[in-house]
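Enquirer: One predicted model, sequence on top.
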Amino acid sequence: MQESALLVGSTNGSYPVVMSCLGDLQLEVAESERGAGALALVQSRDRAIVVADLPLPDLSASALVSRVKRHSPATSVILLAGGPKGPELGEVVSAGADEYVSRPPDRGRLMIALARALHRRRMVLQAGRNRLLEVLDSHDRIIEEIVEALCRCLEAKDFLSDGHARTVGSLAGRIAVEHGLAEGDARRVRVAGVLHDLGKVAVDQLILERPRGLTAAEWREVRVHPVRGAEILGSIEPLRDVARYVRHHHERHDGSGYPDGLRGSQIPLPSRIIAVADAYDAMVRPRPYRLVDGPAYAAKEFRTHAGTQWDPEVVDSLFACVPELQLARAS
């Protein structure tokens, strides 16, 4: 978007040279004869520069400068006034004006003042962006530390999983990227993948160590783990979206899953991605209680159950991410 300047005050002999300089800097120009109108224009749109031709009929120079800066600290203010000292100069400088040019303005001096003001504004904006990036980086680091701590809690509880959570998170993140999700969304999918089984910390240890031959009551306890995981994550404000994805990672495309029996597009896309990543790693990961099925078996299962258990488009993204599945599909 083109940067905008605001010219405030009477259209006296300074007007042509000021408008010419602003045009040379390719600034879109709005105008107001009165200070109150200028403040309304500043509030309606970000202005790179305000040039005020003093005196104004309704506001002192210091009042104009202080109110503009209060609303938009990055907006540069340049004041034009008669004589080398100019009216209210000391008051204006103390209020935070960026430049002062005596009237009638010399074109060269005005261009220098405008260029300095634009440079100062861009430095202020860049400093603000840098501070925001520092805050975001710090925020991301805190989230990563929380995720790591939760993952270690899960691994300590479900030691038979042997890296399953981290593998699912990594694969889910890759599927998300392949599926076209934005970087931030793919990162949240990865986090949800790492923490998808967090609710198992609330499941009896003996049940986790005996994955086959569960009673109906024990199976009900296992099935509630997505809800428990979502409850834990929902109490952590930055992970509330992740909580929803974790809750629904055992839903099925045909609506026969749990805990809420969602179907198709009712299931959050990140949950559909995690379900596929979780199933693939479960099929190919060695476990103490069974032999490895391998990519060929996984490819057959995904071909058979895409559209009933899993979202077929997400399955396609999985195959695109895993070369072994592509080879198995071709064979």
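Expert: Received it, and whenever you're ready, just let me know what you need.

Enquirer: quick one: the strands in the stretch 201-331 of the chain?
Expert: Here the stretch 201-331 of the chain has no strands by DSSP state E, counting those that start in this stretch.

Enquirer: so where's it shaky on pLDDT?
Expert: Applying pLDDT under 70 to the stretch 201-331 of the chain flags the ranges 210-212, 286-293, 326-331.

Enquirer: can you rerun that using 50?
Expert: Within the stretch 201-331 of the chain, no range satisfies pLDDT under 50.

Enquirer: what's the answer for the stretch 1-150 of the chain, then?
Expert: Judged by pLDDT under 50, the stretches of the stretch 1-150 of the chain that qualify are 85.

Enquirer: One more pass at 70, please.
Expert: For the stretch 1-150 of the chain, the stretches with pLDDT under 70 are 1, 11-12, 83-96, 129-140, 142.

Enquirer: and the closest residue to Trp310 other than its chain neighbours, what is it in contact with?
Expert: Take Trp310 and drop its neighbours on the chain: the residue closest to it by C-beta to C-beta, 6 or more residues apart in numbering is Val276, 5.3 Å away. C-betas here are computed from N, CA, C, even on glycine. By C-beta atoms under 8 Å, 6 or more residues apart in numbering, the contact set of Val276 is 175, 302, 310-311, 314-315, 317-318.

Enquirer: and the residues you listed, which two are the farthest apart?
Expert: Maximum pairwise distance among the contacts of Val276 (C-beta to C-beta): 12.2 Å, between Ile175 and Phe302.

Enquirer: And the contacts of Val276, which of them are buried?
Expert: For the contacts of Val276, a burial check counting by 16 or more other C-beta atoms under 10 Å picks out 175, 302, 310-311, 314-315, 317-318.

Enquirer: any shared contact partners between Ile175 and Phe302?
Expert: Common neighbours of Ile175 and Phe302 (criterion: C-beta under 8 Å, 6+ apart): 276, 318.

Enquirer: Who are the contact partners of Ala48?
Expert: Per C-beta under 8 Å, 6+ apart, neighbours of Ala48: 3-5, 27, 75-76, 118, 121.

Enquirer: make it 10 Å
Expert: By C-beta atoms under 10 Å, 6 or more residues apart in numbering, the contact set of Ala48 is 2-6, 22, 25, 27-28, 72, 74-76, 114, 117-118, 121-122, 125.

Enquirer: Mind giving me the ChimeraX command for buried ones among those residues?
Expert: To isolate the buried ones among those in ChimeraX, judged by 16+ other C-beta under 10 Å, type:
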select :4,5,6,22,27,72,74,75,76,114,117,118,121
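
Enquirer: For the closest residue to Asp278 other than its chain neighbours, the count of nearby residues, please.
Expert: Excluding the flanking residues, the one nearest Asp278 by C-beta to C-beta, 6+ apart is Val168, at 5.1 Å. By the criterion of other C-beta atoms under 10 Å, Val168 has 29 neighbours.

Enquirer: name the element Val168 belongs to?
Expert: In this assignment (DSSP states H and E), Val168 forms part of helix 164-178.
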